[in-house]
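Engineer: Sequence and predicted structure are below.
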Amino acid sequence: MKNALKIMTILMGLVLFVIVLLQSVELATFNEKFFKKEFAKLNVAQSIGISETDLERVTKNLLDYMKGDIDDLNLEIDINGQTRYFFSEREILHMIDVEELFQNGYFIRNIGVIFLIIGLIISVMKSDKNLFFKNILIGYGLGFAILVVSALIISTDFNKYFTIFHEIFFDNDLWILDPSVDLLINIVPLQFFIDICIRLVTIFSILSILIIGFGTGNLLYIKNKSVLKFK
């Protein structure tokens with residue numbers, strides 16, 4: 001029984017890691033102010049011949065679509081004095097895949113939360129508090145270590161691993177876009193993804209410090225309480 005509880009609580013730590021990572025992705029991505037700042041930095045509006053107002057409309061529509069709030073991605077926009085749909089058919093098909101990826105992420109996160117709640121109820125009834133926090137930290141630390149190693153590897157050649165990411169998560173080549181034709185790759189070029197990854201790492205690191213600090217603080221509290229009890 002003890003071994004089963006140990007495995008379960010370590011798994012809870014890993015699941016918590018996955019939940020925090022997925023939530024960090026959501027927080028890093030769905031922020032219109034960040035997009036606006038990046039577009040200004042990369043001079044997106046002028047480079048594609050679109051007004052700042054229309055670019056903000058496109059951004060809001062894009063984010064709402066990825067969240068699953070709307071079904072129609074496209075908008076009619078004035079580009080270089082001509083009215084046209086912003087996204088091509090190829091871009092729309094790719095964004096359908098992207099939206100599905102985000103929905104799968106939401107599903108995994110929600111299932112993870114359910115698992116944590118059930119595990120927490122069982123742990124409160126059956127597990128020693130000291131071992132509970134210790135095993136949670138072990139599981140979370142394991143996931144964190146894997147992420148750190150992965151991040152270090154990716155940082156050696158972001159472009160290479162960005163391509164590998166797409167080859168793993170997409171079963172087609174719709175993500176391969178032509179900058180001379182497709183506007184999507186012009187509003188979110190490689191530098192945009194580098195910046196959003198930095199933002200993601202920052203958010204995830206802050207949340208992880210809070211979680212690890214909370215767990216460590218509880219371990220120290222339980223340890224000191226036990227010492228005082230036996231004095």
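Structural biologist: Happy to help now that I have it. Numbering: from 1, shown residues only.
Engineer: How far off centre is the longest helix along the chain?
Structural biologist: Counting by DSSP state H, the longest helix found in the chain is helix 190-229. Here helix 190-229 is found 16 Å from its chain centre; the criterion is Cα atoms, centre = their mean, to the nearest Å.
Engineer: what ranges do the strands span in the protein?
Structural biologist: 76-79, 82-85 (DSSP state E).
Engineer: Check which helices and strands the last one sits against.
Structural biologist: Secondary structure elements in contact with strand 82-85, counted by 3 or more Cβ pairs under 8 Å, 6 or more residues apart in numbering; DSSP states H and E, are strand 76-79. For glycine as for every other residue, the C-beta is placed from the backbone atoms N, C-alpha and C.
Engineer: just the first one next, same as before
Structural biologist: Counting contacts by 3+ Cβ pairs under 8 Å, 6+ apart, the secondary-structure elements packed against strand 76-79 are helix 52-67, strand 82-85.
Engineer: winner for burial among the ones you listed?
Structural biologist: Highest mean neighbour count among the helices and strands packed on strand 76-79 (mean count of other Cβ atoms under 10 Å): helix 52-67, with a mean of 17.
Engineer: Can you dump the C-alpha atoms of that helix in CSV for me?
Structural biologist: C-alpha atoms of helix 52-67 as CSV (Å, rounded to 0.1, in the frame of the first residue of the first chain):
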residue,chain,number,x,y,z
GLU,A,52,-2.5,48.8,-36.8
THR,A,53,-6.3,48.7,-36.2
ASP,A,54,-6.8,45.9,-38.8
LEU,A,55,-3.8,44.0,-37.4
GLU,A,56,-5.4,44.1,-33.9
ARG,A,57,-8.6,42.8,-35.4
VAL,A,58,-6.7,39.9,-37.1
THR,A,59,-4.9,39.1,-33.8
LYS,A,60,-8.1,39.1,-31.7
ASN,A,61,-9.8,36.8,-34.3
LEU,A,62,-6.8,34.5,-34.4
LEU,A,63,-6.6,34.1,-30.6
ASP,A,64,-10.4,33.7,-30.3
TYR,A,65,-10.2,31.0,-32.9
MET,A,66,-7.4,29.1,-31.1
LYS,A,67,-9.4,29.2,-27.9
